[in-house]
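Peer 1: Sequence isn't available, so here's the structure alone:
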């Protein structure tokens, strides 16, 4: 009877693993939010600012033995972006129609090796309810039991149906924003 219970638990665990889409050789990276960051750099005619995204969900799957990234997704609520200016944050949410389109995410489709530690990420970004393909350079470094994934992507907000912000006929917000991320995580045990 104990053998049947153990067999049932093993089958149950295996089915959960399969349902999660992970092979036995893959596992999630334990992302360290304190050591990681996601930032959005914006330029205007007279000023520039950086929005910080303190709340996001980064799901990164790696091969257990090599630490190679096999899948990744970063999801966030647009309203969580903080620029240090409450009025500007409010105006950004009105511009992006955050009440109608609260959620955004990037899903990795392919990670192409360019050189050791250097890759091109190809994926889909959803913003303002619109999804577009996005490609950008990424570096991945393994040090002991941790993995660092860094990248920078230029996003043209006009592709997502967002208007160019203009005020007083002279002030303009550049529709090309730069998203920078630095994710650090603990590799799964073998």
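Peer 2: Good, I have the coordinates. Note that the coordinates shown come from a computational prediction; the quantities given were computed from them, not determined experimentally. Numbering: from 1, shown residues only.

Peer 1: what separates the residue positioned nearest the centre of the chain from residue 149, distance-wise?
Peer 2: The centroid of the chain falls nearest to residue 74 when counting by C-alpha atoms, centre = their mean (2.8 Å). Going from residue 74 to residue 149 by C-beta to C-beta, to the nearest Å gives 10 Å. To be clear about C-beta, it is placed using only N, CA and C from the backbone, and glycine gets the same treatment.

Peer 1: Give the residues shared as contacts by those two.
Peer 2: Counting by C-beta atoms under 8 Å, 6 or more residues apart in numbering, the contacts common to residue 74 and residue 149 are residue 181.

Peer 1: give the contact list for the residue nearest to the centre of the chain.
Peer 2: Here residue 74 is in contact with 38, 56, 57, 58, 59, 105, 106, 181 (C-beta under 8 Å, 6+ apart).

Peer 1: what's the helix or strand for residue 88?
Peer 2: Using DSSP states H and E, residue 88 sits in helix 86-96.

Peer 1: Contacts for that helix next, please.
Peer 2: Under C-beta under 8 Å, 6+ apart, the answer for helix 86-96 is 49, 51, 78-79, 81-83, 99, 127-128, 162-163, 165.

Peer 1: Which parts of this protein are strands?
Peer 2: Using DSSP state E, the strands of the chain run over 26-28, 30-31, 37-43, 48-52, 57-63, 69-77, 103-115, 118-127, 130-143, 146-156, 166-167, 171-172, 176-186.

Peer 1: The fifth one versus strand 130-143: what angle between them?
Peer 2: For strand 57-63 against strand 130-143, the angle by axes from the mean of the first three to the mean of the last three C-alpha atoms, to 10 degrees is 50 degrees.

Peer 1: Residue 182: how many residues sit nearby?
Peer 2: 15 (other C-beta atoms under 10 Å).

Peer 1: Quickly note the distance from it to residue 50.
Peer 2: 13 Å.

Peer 1: Stretch 54-61: which residues count as buried?
Peer 2: Neighbour counts over stretch 54-61 (16 or more other C-beta atoms under 10 Å) mark 56, 58, 60, 61 as buried.
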